[in-house]
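**Student:** Build the 3D model from these lines:
(3 chains)
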Amino acid sequence: METFNLALPHNFSFQSTVYSHGWIDLAPFAYDPDRRILAYHIIDPTGQTLQLAVEYSDDHSLQVQYDKGIRSYIKKVITRIFRLDEDLSGLYKLADESPQLRWIADKSVGRLLRSGSLWEDLIKMICTTNCSWVMTRNMITNLIIELSPGKAFPTPEMVAACDESFLRKKVKLGYRAPYISELAGNIIEERLDLEAIENWDGNDETLYRQLLQIKGIGPYAAGSLLKLLGFYRHPAPDSWSRKKFMQIFSLSEVPTDSEIEKHYQSYASWAGLVFWLEMTKDWYFRS
DNA sequence: GCGTCCAGGTCTACC
DNA sequence: GGTAGACCTGGACGC
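**Tutor:** Residues are numbered from 1 along each chain as shown, chains lettered A, B, ... in the order given. Just a heads-up that it's a prediction; the model follows:
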């Protein structure tokens, strides 16, 4: 195994990023909470599967171990996963000005864990819709077991090569199979440019509408993907966070999405991230 | 053991 | 533009 260290932003928290949402629970991520090592597999552009292990180092850097591959590519992947190039100064300024939100800056939370690629994030997001978390986990695990011998998340080419009924029955994607099959085909045949989405520097509402054009991506999934792309305006609540909001604010019934949006609208471009952090605040105060 | 509900929603047809 | 019904699956729950 080879090793290198990656410098970190001063307000980076390894634990807060790892536990920022459910992605850590989905393969090919495998986290050892005792040793605090995050393992991950990814298929590089040459088609070989790389094995990575990431650990927080006391000198405030990430120690990255890898079995093979080009270091610059691995560095790019790790930077994407941990959001190392994300500028959250606006969020922390907002948090510093509010006693209610000060914990956000104190705990250095706000970096949402991502997969090694936007493609992987897209498929995982579709697999969170209209099902329990156990099913999401099973679908992602099945995709890897059935399609990718090296334990990494399969590429669009691997998915597009599969029969739709195989994806539906064997991988157990159910009615999501044609959506995911079509998405893989659109990427391969360059009808959908993931690079353009990944490097988006335009209006976030335009990007939101573009994401909604993808079959299987509705308001919840598009809003959640926007957060993973660094645009935090949309709360994009789901059934879990609606109930959590109801519990936190002692409401007698589940709030509507517009009620949630109204509650956070003063946070403007940070509204969606503040919403998610408030809903998950107890995660960061566990012993 | 069996039936029903619903989960980190979305799509389509219809009005 | 708003709404009803369908959609895979499997765990939880009531009976």
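
**Student:** how about the residue of the stretch 1-150 of chain A found nearest DNA strand C, secondary structure?
**Tutor:** Residue nearest to DNA strand C within the stretch 1-150 of chain A: A:Asn130 (4.3 Å; CB to the nearest atom of the strand). In short, each C-beta sits where N, CA and C put it, glycine included. In three-state terms, and counting by DSSP: H, G, I helix; E, B strand; the rest coil, A:Asn130 is coil.

**Student:** for it, phi and psi?
**Tutor:** Dihedral angles of A:Asn130 (phi, psi; degrees, to the nearest 10) stand at phi 50, psi 40.

**Student:** got a pLDDT number for it?
**Tutor:** A:Asn130 carries a pLDDT value of 95.

**Student:** If you count neighbours, what's buried in the strand or helix carrying A:Glu278?
**Tutor:** A:Glu278 is located in helix A:271-279, with elements delineated by DSSP states H and E. By 16 or more other CB atoms under 10 Å, the buried positions in helix A:271-279 come out as A:271-279.

**Student:** can you count the residues close to the residue lying closest to A:Lys215 once chain neighbours are set aside?
**Tutor:** Of all residues not flanking A:Lys215 in the chain, A:Tyr179 sits nearest, at 4.3 Å (CB to CB, 6 or more residues apart in numbering). For A:Tyr179, the count of nearby residues is 18 (other CB atoms under 10 Å).

**Student:** I'd guessed A:Tyr179 sits against A:Cys127; true?
**Tutor:** No: assessed by CB atoms under 8 Å, A:Tyr179 is found out of contact with A:Cys127, at 10.2 Å.

**Student:** pLDDT (mean, whole number) over the strand of greatest length in chain A?
**Tutor:** Identified as the longest strand of chain A according to DSSP state E is strand A:49-57. The predicted model assigns strand A:49-57 a mean pLDDT of 98.

**Student:** Which parts of chain A are strands?
**Tutor:** In chain A, the segments counted as strands under DSSP E are A:2-7, A:30-32, A:37-43, A:49-57, A:61-66.

**Student:** Just name the most buried of the ones you listed.
**Tutor:** strand A:37-43 (a mean of 21; mean count of other CB atoms under 10 Å).

**Student:** Can you give me the pLDDT of A:Phe231?
**Tutor:** We have a pLDDT of 97 for A:Phe231.
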